[in-house]
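Chemist: Need the 3D shape of this:
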Amino acid sequence: MIVARPRRRGQSSFLRALPLSLMTTVLPFAHAHAQAEPLRPYAEVRAEGIIAPENSGLLGAGVQVPLGFYARMGIDVSGGLTRSNGESFATARGDAIMRFLLDPFREAPWALSAGAGVSVAYTDPHTWRAFLAVVLDVEGRRAGGLTPAFQVGLGGGVRLGIALRNSSRAYR
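Modeler: Below is the predicted model of the structure:
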């Protein structure tokens, strides 16, 4: 013979609501994650100035490689002119900089990232030099498929730059 136990008031309603609550909380995130764009490398073009004893103006291009949601590895090459001691000459630079993004999912219109890496510069005739580079980026809103970024940093002098990045709609 089965004897029914008396139920405490509120206990069964809580137990009945728990699965529904979990489904309405977890399923939208699972659905959004399943439809999210994959992380892919994206191109960037840039213009920068290096203010040091030798002042340089450079134009360049590169690629940003996502290393997960919060990290990007940027590899850029650029060329331009350097002015030193009243003389101007051609210059080249290569950068490998890893950045940590504070807003990788575009939740805010403007986002900050900080990074560090290595910069190799051909600044004097027949002279290559390597520098530690430290940068701070502020990325703006994506418009027309491009995201503008403003960069300030140190690496062979004070670096000031502007970049246009062809990143995805979902991620910076």
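Chemist: now the helices for this structure?
Modeler: Taking DSSP state H as the test, the helices found in the chain are 11-35.
Chemist: looking at it, which helix or strand does the model trust least?
Modeler: In the chain, no helix or strand scores lower on mean pLDDT, DSSP states H and E than helix 11-35, which sits at a mean of 55.
Chemist: Show the low-confidence segments of the protein, by residue range.
Modeler: Residue ranges of the chain with pLDDT under 70: 1-36, 125.
Chemist: those strands in it, which residues are they?
Modeler: 42-51, 55-66, 71-84, 87-101, 111-124, 127-139, 147-154, 158-165 (DSSP state E).
Chemist: Of the ones you listed, which is nearest Tyr171?
Modeler: The minimum distance between Tyr171 and the strands of the chain falls on strand 55-66, with 7.1 Å, by Cβ to Cβ. In short, each C-beta sits where N, CA and C put it, glycine included.
Chemist: now for the closest one, which elements pack on it?
Modeler: Applying 3 or more Cβ pairs under 8 Å, 6 or more residues apart in numbering; DSSP states H and E, one finds that strand 55-66 contacts strand 42-51, strand 71-84, strand 87-101.
Chemist: what sits against Ala96?
Modeler: By Cβ atoms under 8 Å, 6 or more residues apart in numbering, the residues touching Ala96 are 73-75, 117-118.
Chemist: Same question for Tyr122.
Modeler: 91-93, 128.
Chemist: Any quick ChimeraX command for the buried ones out of those residues?
Modeler: Buried residues among the contacts of Tyr122 (16 or more other Cβ atoms under 10 Å), as a ChimeraX selection:
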select :91,92,93
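Chemist: Among the contacts of Tyr122, which one sits closest to Glu44?
Modeler: Each of those was scored against Glu44 by Cβ to Cβ, and Arg93 proved nearest at 14.4 Å.
Chemist: Okay, and the beta partners of the closest one?
Modeler: Ser78, Ala121 (DSSP bridges).
Chemist: from the contacts of Ala96, which would you call buried?
Modeler: By neighbour count, with 16+ other Cβ under 10 Å, the contacts of Ala96 hold 73-74, 117 as buried.
Chemist: now the residues you listed as CSV including distance to Leu101?
Modeler: Output for the buried ones among the contacts of Ala96, formatted as CSV (distance: Cβ to Cβ, whole Å):
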residue, distance to Leu101
Met73, 12
Gly74, 12
Gly117, 15
